[in-house]
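[1] sharing a model that was predicted from the sequence below.
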Amino acid sequence: MAEATETDFYDKVFPVPERVREKSYVKSRAEYDKLYKESIDDPNAFWAKMASERLSWFKPFDKKKVSDWSFEPGKVHSKWFEGGKINVSYNCLDRHLADKKNKAAIIFEGNDPNDWKVYTYQDMYREVNKFANVLKSLGVKKGDRVSIFLPMIAELSIVMLACTRIGAIHAIVFGGFSAEALRDRINNCGAEVVITCDGTYRGSKAVPQKATCDKAVDQCPGVKTMIVVKRTGTEVAMKEGRDIWYEDLMAKADRYCEPEWMDSEDPLFILYTSGSTGQPKGVVHTQAGYLLYASMTQQYAFDVRDEDTYWCTADIGWVTGHSYVVYGPLCNGFTSILFEGVPNYPDFGRFWAVVEKYSVNNFYTAPTAIRSIAKEGDKWVDMHDISSLRVLGSVGEPLNPEAWWWYYNKIGAGHCTISDTWWQTENGGHMILPLPGAIDIKPAKAMVPFFGVVPAIMDEDGKEIKGPGKGALCIKKGWPGITRGLWDDKEGRFEENYFSQFPGYYFSGDGAERDADGDYKITGRVDDVINVSGHRLGTAEVEAALTSHPDVAEAAVVGFPHDIKGQGIFAYVTLNHNVAKTDELKKALVAHVRKVVGPIASPDQIQWADGLPKTRSGKIMRRVLRNVAAKTFGDFGDTSTLADPAVVDDLVANRKKLG
Ligand code: 7RM
């Protein structure tokens, strides 16, 4: 990894390989610049053209109402393509039947390498229509919410598309969440139908899924029906009058369901994500703008061609899976691999075995996955022929130089480019990324804004920095993929969270640096959100879980550098009076957090703290806690406002003991 540690590594430019450029949609930076300029000089003309050309409309949108948005306090709203009528499942399936009915739409690659199945566009069309009829027969109507708690199986893509066919709003909950987290999400959206499965495969294990769902739904008074997909054959209890097998329902379902023609701004789905305060937020996306933005970015970010095999390893439970396993690729008529497994099963070569098996051309994964397999050595790569790869994507967290170099050099072998895509659940699709054939890349930089996206970097006084500089990353202008708001947002958290810090701008919560060429590097979150293995978590959520334990008086949670996960979870815990500080209690607290939030929120380290570094006004000085956790003891900055500066010495001494 010599190259990766050279000091000037970040300033090196890696030109687009000819092999990438040849097949690319945009072939030079000049061409990108021209298109980008067009897209921001006359955004309505640009987006109207894209929406008319790329989507199939039942009724065209009003050309005078291409967009209507404002980021001004008190007036925040976004509306795109008003007057239009559209159906997402029609765009993802029906319209491809004429020339692609026997083309692979979804290639399901199971946890077990021998368990795989190709779903053609015709197959998907049939299954989605049938399940849409199932939902209708259960009384689900346009605007109703359907909660989905499924692992990465083809049925997940089928049921979500079926929801869109009848205009139901899906709310998918990542399969790794706890019963309590699931319960809160079902109750928040008010779903009457929940879809789950008997059990889930995770590497060599089968773990229960319905049992978790049962625990959640026991405390969801609004749920009338639970549909259960058979996956592992694990024995499950079926509750009379509530639970029905998916397979039984499908056996009786009619083959055609008329699509519901939706208004452009009708809600499409709700997806819960973590913020810096309080409960997870139900991010709402709507029909046309989201679909256009997800599909267009999917094509351009990875230069996907009709004949390509494209693979995004993300779980559909996260936004990346929504946009880039299902909606983007299927809207474009491409072939998308849906992978149930994990990177290390049956061995650390699994990703490359799958790439070889299907001759994958465009591959999209997360830095945490790259790091976890890179550390196992190159032999797992060398065993496979991965020469089909052309574009390598990354998302979820900053790529560190070592991982970047391994991905570029070992996986890309000098003839692929890396598309490091920065975006968020709230954005619908990629915001900053190097278009593969157009943009020479710099290590670990996300590079340039997508068409129509106008980033701004803000200084500490809330002023926009022009030219090179470092600060808070905001977006200045509306784009079709932006979330329209939060579900059930009585307290006005939407405006408060995203539009209050820098009035007139959408604030991402991330920091960024712009260099002299105008290229962007994402520097990580500047708020109290941490990014563990690419999973976004609010420190407040983990703190709330810890303080809900009877022995805990107070807790403060920060991220700290972790070799594989990017960030690990470090928890400072103050116990109630007379509670003994034992290792057993630490284990119990970890188990408690897993139960309340889910395994992804497990603290990596717990440090007992008799006191936390609070300012005289009672605010926890998180900067100190972050530095102590990271063992950067040298510089704590200005601690003069602390109520009791001696607390810091205690924290440091205990951190050193923890190792
Ligand atoms: C797609 C997704 C969003 C947060 C975001 C960032 C971080 C995402 C990158 C990245 C550096 C990237 N949605 N993030 N992509 N940081 N480089 N290419 O991850 O809503 O779950 O998370 O993830 O902090 O704000 S998300």
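    Arrived safely, thanks for sending.
[2] drop to CA atoms for contacts and neighbour counts, all remaining ones
    Fine.
[3] so which residues on the stretch 301-450 of the chain come close to the ligand?
    Counting by CA under 6 Å from any ligand atom, the positions of the stretch 301-450 of the chain adjacent to the ligand are 320, 395-398, 420-425.
[4] out of those residues, the closest to E192 would be?
    Proximity of those to E192 was ranked by CA to CA; the top entry is T425 with 24.5 Å.
[5] in contact with that closest one: list those residues for me.
    Applying CA atoms under 8 Å, 6 or more residues apart in numbering to T425 gives the contacts 271, 273, 283, 318-320.
[6] setting the sequence-adjacent residues aside, check what's closest to R183.
    Excluding the flanking residues, the one nearest R183 by CA to CA, 6 or more residues apart in numbering is A216, at 4.5 Å.
[7] and L575, by the same measure?
    Using CA to CA, 6+ apart and skipping the chain neighbours, the partner closest in space to L575 is V552 (4.5 Å).
[8] among the contacts of T425, which lie within helices?
    Within those, residues falling in helices by DSSP state H are 319-320.
[9] could I get the contacts of T425 as TSV with neighbour count?
    TSV is the format used below for the contacts of T425 (neighbours: other CA atoms under 10 Å):
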residue	neighbour count
L271	25
T273	20
V283	24
W318	19
V319	22
T320	26
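[10] of the contacts of T425, which pair is most distant in space?
    Farthest pair in the contacts of T425 (CA to CA) is V283 and T320. Separation: 13.7 Å.
[11] give me phi/psi at E460?
    phi -70, psi -20 (degrees, to the nearest 10).
[12] need the contacts of T425 in JSON lines (columns: pLDDT and distance to T539).
    JSON lines is the format used below for the contacts of T425 (pLDDT from 0 to 100; distance: CA to CA, whole Å):
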{"residue": "L271", "pLDDT": "98", "distance to T539": "19"}
{"residue": "T273", "pLDDT": "93", "distance to T539": "13"}
{"residue": "V283", "pLDDT": "98", "distance to T539": "19"}
{"residue": "W318", "pLDDT": "95", "distance to T539": "19"}
{"residue": "V319", "pLDDT": "97", "distance to T539": "20"}
{"residue": "T320", "pLDDT": "97", "distance to T539": "22"}
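[13] check the secondary structure at K477 for me.
    Secondary structure, DSSP: H, G, I helix; E, B strand; the rest coil: K477 is coil.
[14] what's the pLDDT at it?
    Note on K477: pLDDT of 98.
[15] that one: what's it in contact with?
    71, 452-454, 505.
[16] out of these, list just those in strands.
    Counting by DSSP state E, the contacts of K477 place none of their members in strands.
[17] could you dump those to CSV with distance to the ligand, pLDDT and neighbour count?
    CSV is the format used below for the contacts of K477 (distance: CA to the nearest ligand atom, whole Å; pLDDT from 0 to 100; neighbours: other CA atoms under 10 Å):
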residue, distance to the ligand, pLDDT, neighbour count
F71, 19, 98, 22
G452, 18, 98, 23
V453, 15, 98, 21
V454, 16, 98, 18
Y505, 15, 98, 24
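[18] wait, the residue nearest to L575 sits on L546?
    Yes. V552 is in contact with L546 according to CA atoms under 8 Å; the separation is 6.8 Å.
[19] out of these two, which sits in the more crowded spot?
    Counted by other CA atoms under 10 Å, V552 and L546 do not tie: L546 has more neighbours, with 26 against 17.
[20] for the more buried one, what are its contacts?
    552, 554-555, 589, 592-593.
[21] same question, W261
    For W261, the contact set (CA under 8 Å, 6+ apart) comprises 58, 85-87, 167.
[22] and E460, how far from G471?
    E460 is 7 Å from G471, where distance means CA to CA, to the nearest Å.
[23] neighbour-wise, which of those two wins?
    Legend: neighbour count by other CA under 10 Å for E460 and G471, higher for G471 (22 against 9).
[24] wait, does the strand or helix carrying the more buried one contact the ligand?
    Taking DSSP states H and E as the criterion, G471 maps to strand 469-475. No. Judged by CA under 6 Å from any ligand atom, strand 469-475 stays clear of the ligand, getting no closer than 9.6 Å.
[25] flag every buried residue along that strand.
    For strand 469-475, the neighbour count (16 or more other CA atoms under 10 Å) marks 469-475 as buried.
[26] same check on stretch 397-411?
    For stretch 397-411, a neighbour-count test (16+ other CA under 10 Å) marks 397-408, 411 as buried.
[27] repeat that for stretch 583-595.
    By 16+ other CA under 10 Å, the buried positions in stretch 583-595 come out as 586, 589-590, 592-595.
[28] picking up where we left off before, how far is the strand holding G471 from where the chain is centred?
    A distance of 21 Å separates the centroid of the chain from that of strand 469-475, by CA atoms, centre = their mean, to the nearest Å.
[29] same check on stretch 150-157?
    Relative to its chain's centre, stretch 150-157 lies at 16 Å (CA atoms, centre = their mean).
[30] need the residues that contact it.
    Here stretch 150-157 makes contact (CA under 8 Å, 6+ apart) with 106, 108, 110, 148, 173-175, 195-197, 200, 209, 229, 315-316, 326, 338-341.
[31] coming back round to it: export the buried residues of stretch 397-411 to CSV and tack on secondary structure and distance to V532?
    Listed next are those as CSV, based on DSSP: H, G, I helix; E, B strand; the rest coil; distance: CA to CA, whole Å:
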residue, secondary structure, distance to V532
E397, coil, 9
P398, coil, 11
L399, coil, 13
N400, coil, 14
P401, helix, 18
E402, helix, 18
A403, helix, 16
W404, helix, 18
W405, helix, 21
W406, helix, 21
Y407, helix, 20
Y408, helix, 23
I411, helix, 24
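[32] which of those sits closest to A540?
    The closest of the buried residues of stretch 397-411 to A540 turns out to be E397 (CA to CA; 19.6 Å).
[33] excluding sequence neighbours, find me the nearest residue to that closest one.
    That would be G534: by CA to CA, 6+ apart, it lies 5.6 Å from E397.
[34] show me the contacts for that neighbour.
    Counting by CA under 8 Å, 6+ apart, G534 touches 366-368, 395-397, 565-566.
[35] among these, which ones are in strands?
    With strands taken from DSSP E, the overlap with those comprises G566.
[36] buried among the contacts of G534? Make that a ChimeraX selection.
    Of the contacts of G534, the buried ones go into a single ChimeraX selection, burial set by 16+ other CA under 10 Å:
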select :366,367,368,395,396,397,565,566
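[37] pick out the most distant pair among the contacts of G534.
    The farthest-apart pair in those, when distances are taken by CA to CA, is V395 and K565, at 13.3 Å.
[38] what sits against the residue of the stretch 201-350 of the chain at minimum distance from the ligand?
    Residue nearest to the ligand within the stretch 201-350 of the chain: T320 (5.3 Å; CA to the nearest ligand atom). Counting by CA under 8 Å, 6+ apart, T320 touches 314, 425.
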